[in-house]
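**Q** I'd like to go over a predicted model; first the sequence, then the structure.
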Amino acid sequence: MMITQLLAAALTICVVPDSAITLKGVTVTGNRQHDFQMKSSQTGVQVSHDYLQQHFSGSLMQTLQGIPGVKAMSIGSGQSKPTIRGLGFNRMAVTEDGIKHEGQQWGDDHGLEIDQFAIDRAEVIKGPAALLYGSDAIGGVLSLYTNHEPTRPLEGSVQLFGRSNNEQIGASAKIGGRNGRFFYRANLTLIDYADYRVPTDSIQYYSYYIRLKDGRLRNTAGKEHDGSVMIGYAGYHFHTDLHVSNSYSKSGFFANAHGLEVRLSDIDYDHSRRDIDLPYQWVNHLKVLSHSTWRNEVLSFEANLSYQNNLREECSEPISHGYMPKPDGSLERRFNKSTYTTTLAMRYALGEHHLLHVGMNGEYQHNRRAGWGFIIPDFETKSFGAYAFDRYTIMKNLVVNAGIRYDHAHTHIHGYHDWYKTPVGNDSIYQQRSTPMHRYFNSFTWSAGINYATGNWVLKANVGKSFRVPIPKELGADGINYHIFRYERGNNSLDPEQSYQLDMGIGWANDILSFQLDPYINYFPNYIYLNPTAEYVEGLQLYQYRQAHVLRYGFEAQMTYQISSHWEAELKGEYLYSRQKSGEKKGYTLPFSTPWSVDATVKYSFDWKGKGFVGINAHVVGKQDEIVPPEKPTDGYWTLNASAGKQFDLGKNTLKVAIHADNLLNRRYYDHTSYYRLIDVPEPGRNFSIMLGWDF
């Protein structure tokens, strides 16, 4: 069994590969919906490769945000960050083939450095999953799988795609083959996009009105180049493979969001909508994964080794700020992060009822900075964790599970002084921005769950404790984040974040109607968050890291009605409540809290020379007036969206066409979780996405 299968089984998000059931366009594998729900005491959704193709919306997270509880925080026009139940950044883990992806995910303007067109399927685990994945999985896990093994001597696919709003064009090709027990696979993706459009002709930045040419956010163009190769051996008892991938992207920062001094720039930002001028960022992520497994009928051993290097540069025009003189060169910030990961796991069947999982993992990170701008210091982190998990089948319709985990982490943060002097009293000094420190963290976590089925009902519950180690940015940040219009300051006394959560699931289904309700309640004794203050540093609002008791609860609900063999109606929604129970903002919610939302969809399916569908969707988001001063409320909105897809069977080959339309009425609205909202930038206007795919 592969390591990804073991990890999934240990979280009881496992599957039975016999047939498929489609829920809200998301395909989960199993004999019946009843069986799938019985596999997990946590809320989990599995997404098929067909769904990813049919619902292509630009970035991976924009494609996945149709799943209740999953949202995309857009970054310009080509990237986005994931959130699960309002928790993102280092509060949710993203894994690729069982290994946690380690980039610069702490930043609001850092996307996922993963080729979305190399992904075969995905799984979303909502709620704490630190039992297997460690610190960052306190809010959930997005598991991506790119390890599909070819079954024929030669097979592959070619995809051509585009988007209208930012004039994106791209192509992706995949090829693979098998010769006996040996197999290989390769993938290449190229993307290029222009400045994206918004339904307004001007924005407001600190009371300055800035006109937009043709409604485009100037300098938000970009490009992406991805490639990967996998080779392996698959025997009956032994399996091993080596996977090497590289992802490169370059994208501009919206020029008018980088500071008012851009008005004095000599750059003609309106010269071309496809060029990438200063300020911009480029990121290169190299990943090498090695996976091996040995198994027999009752026992399996698995090992994962990985190396990741994330190199990121932010470049901007050299301009003096405060006491900082005009620097040499355009390199504002550079981050070079290397991560080494080891995972060992064992699965052992103790008779007919017990399935025992034990494992351990270790990680070492090394990050070095450069450039004339400062926000986080150099650091090294070391972490180790071990867990044991048991799944016990009392009877076919009653399953319980429980597990424990221990973690130890060490963070070493380096000191840093400005490269220029700052007047202090009658003297001038090199201001210290970061103090050297060593922090050690230890934690025990646990989880327990139960699944019970009776008739058409499936009931389940999971309770557990999770933790998260404060990241170096939270401990040692001290600098301006120009792209997000704020000054950020860390707190070196932060304690590890802890979370206690109860998840429940209530499901009912027959051949015509299905209903699912997933409520949860989450309590943090020491939640870490970036607190907006009324103070301004170097002309920007100061945000400081603080801790508070926080209570969060909410639910996701979904109902699907099969009107006829061709027509299907679906209604789904989500709600999240959060409240600070201590600290200086006691009684308030958390900054950038997600408002409630509802989706209503009608889909018509047909089978004419191949399967096809046409659907229309209304997306409604409520007003968010639960804010943290000096944050401002955001009005509610609704958009009309549509999608269509058709598959043409051409002998042994398949041609697929998918079209997706967002914001058909070109409505002007604001996303409460977007930092662009702070400078009056609305969300993108009308956008059509199209994908052509040929499988051979």
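**A** That came through, no problem.

**Q** Assess the claim that residue 321 and residue 479 are in contact.
**A** No: using CB atoms under 8 Å, residue 321 is not in contact with residue 479; the gap is 10.4 Å. Using the backbone N, CA and C atoms, a C-beta is placed for each residue, glycine as well.

**Q** Mind listing the residues bridging to the residue lying closest to residue 150 once chain neighbours are set aside?
**A** Leaving out its chain neighbours, the residue that sits closest to residue 150 by CB to CB, 6 or more residues apart in numbering is residue 176, at 3.7 Å. For residue 176, the beta-bridge partners under DSSP bridges are residue 155, residue 185.

**Q** contacting residues for residue 176?
**A** Shown in contact with residue 176 (CB atoms under 8 Å, 6 or more residues apart in numbering): 148, 149, 150, 154, 155, 156, 183, 184, 185, 186.

**Q** now the chain, which segments are flagged as low pLDDT?
**A** Along the chain, the model assigns pLDDT under 70 to residues 1-40, 74-79, 107-109, 259-262, 483.

**Q** Just give me the residue right at the centre of it.
**A** Centroid check for the chain by CA atoms, centre = their mean gives residue 82 as the closest residue, at 2.8 Å.

**Q** sorry, back to before: can you turn the buried subset of the contacts of residue 176 into a selection I can paste into PyMOL?
**A** Selection of buried members from these for PyMOL, criterion 16 or more other CB atoms under 10 Å:
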select buried, resi 148+149+150+155+156+183+184+185+186
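
**Q** The contacts of residue 176: which two are farthest apart?
**A** By the measure CB to CB, 148 and 154 form the most distant pair in the contacts of residue 176, at 14.7 Å.

**Q** would you turn the contacts of residue 176 into a markdown table with distance to residue 435?
**A** Below are those laid out as a markdown table (distance: CB to CB, whole Å):
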| residue | distance to residue 435 |
| --- | --- |
| 148 | 48 |
| 149 | 50 |
| 150 | 53 |
| 154 | 59 |
| 155 | 56 |
| 156 | 54 |
| 183 | 52 |
| 184 | 50 |
| 185 | 48 |
| 186 | 47 |
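
**Q** For residue 583, state which of the contacts of residue 176 is nearest.
**A** Using CB to CB, residue 148 is the member of the contacts of residue 176 that lies nearest residue 583, at 47.6 Å.

**Q** Strands of the stretch 51-200 of the chain, start to end?
**A** According to DSSP state E, counting those that start in this stretch, the stretch 51-200 of the chain carries its strands in the segments 70-75, 79-84, 87-88, 93-96, 99-100, 121-126, 140-145, 155-163, 168-179, 182-193.

**Q** how about these, which one is nearest residue 256?
**A** Among the strands of the stretch 51-200 of the chain, strand 70-75 sits nearest to residue 256 (CB to CB), with 16.2 Å.

**Q** Going by neighbour count, list what's buried in stretch 178-191.
**A** 178, 183, 184, 185, 186, 187, 188, 189, 191.

**Q** nearest residue to the first one other than its sequence neighbours?
**A** Counting by CB to CB, 6+ apart, residue 150 is the residue found nearest to residue 178 once chain neighbours are left out, at 4.8 Å.

**Q** thought that neighbour was touching residue 177?
**A** Yes: using CB under 8 Å, residue 150 is in contact with residue 177, at 5.3 Å.

**Q** Overlap of the contact sets of the two?
**A** Joint contacts of residue 150 and residue 177 (CB under 8 Å, 6+ apart) are 183, 184.

**Q** How much space separates residue 62 from residue 114?
**A** Computed as CB to CB, to the nearest Å, the residue 62 to residue 114 distance reads 14 Å.

**Q** Check what contacts stretch 620-636 and list those residues.
**A** 531-532, 534, 541, 585, 588-600, 637-638, 669-672, 677.

**Q** and with 10 Å instead?
**A** 529, 531-534, 541, 573, 575-580, 585, 588-600, 637-639, 669-674, 677-678 (CB atoms under 10 Å, 6 or more residues apart in numbering).

**Q** in that stretch, what's buried?
**A** So for stretch 620-636, counting by 16+ other CB under 10 Å, buried means 621, 622, 624, 626, 627, 628, 631, 634, 636.

**Q** quick one, which residue of this protein lies the farthest from its center?
**A** Of all residues in the chain (CA atoms, centre = their mean), residue 426 lies farthest out, 49.2 Å.

**Q** Okay, that one and residue 256: tell me how far apart.
**A** 40 Å.

**Q** before we move on, what about residue 206?
**A** Residue 206 is 11 Å from residue 256, by CB to CB.

**Q** Common neighbours of these two, please.
**A** residue 679.

**Q** For these two, indicate the residue with more neighbours.
**A** Between residue 206 and residue 256, residue 256 has the larger neighbour count (other CB atoms under 10 Å), namely 21 against 11.

**Q** Could you double-check that that one sits in contact with residue 219?
**A** Yes: counting by CB atoms under 10 Å, residue 256 touches residue 219, with 8.5 Å between them.

**Q** that older thread, who touches the residue nearest to the centre of the chain in this structure?
**A** 59-61, 64-65, 70-73, 88-89, 92, 94, 105, 111-112, 124, 140, 142.

**Q** Can you flag the buried ones in these?
**A** Here, 16+ other CB under 10 Å leaves 59-61, 64-65, 70-73, 88-89, 92, 94, 105, 111-112, 124, 140, 142 buried among the contacts of residue 82.

**Q** Does residue 85 touch residue 577 like I think?
**A** No: counting by CB under 10 Å, residue 85 does not reach residue 577; the two are 11.2 Å apart.

**Q** which residues are in contact with both of these two?
**A** What both residue 85 and residue 577 touch, as defined by CB under 10 Å, 6+ apart, is the set 552, 554, 555.

**Q** circling back: which of the buried residues of stretch 178-191 sit farthest apart?
**A** 178 and 191 (29.2 Å).

**Q** Please work out how many residues are found near residue 665.
**A** By other CB under 10 Å, 11 other residues sit near residue 665.

**Q** What distance do you get for it to residue 688?
**A** In terms of CB to CB, residue 665 sits 13 Å off from residue 688.

**Q** re earlier: for beta bridges, what are the partners of the residue nearest to the centre of the chain?
**A** Under the criterion used (DSSP bridges), residue 82 bridges to residue 72.

**Q** what do you get for residue 500?
**A** Residue 500 has these beta-bridge partners by DSSP bridges: residue 465, residue 523.

**Q** Do I have it right that it meets residue 527?
**A** No: applying CB under 10 Å, one finds residue 500 not in contact with residue 527, separated by 11.6 Å.

**Q** Same drill for the two, tell me which one is more crowded.
**A** Taking other CB under 10 Å, residue 500 and residue 527 do not tie; residue 527 has more neighbours (25 against 14).

**Q** Secondary structure element holding the more buried one?
**A** Residue 527 belongs to strand 513-537 when assigned by DSSP states H and E.

**Q** Could you tell me the angle between that strand and strand 121-126?
**A** 70 degrees (axes from the mean of the first three to the mean of the last three CA atoms, to 10 degrees).

**Q** Cross the contacts of stretch 620-636 against helices and list the overlap.
**A** Secondary structure from DSSP state H places none of the contacts of stretch 620-636 in helices.
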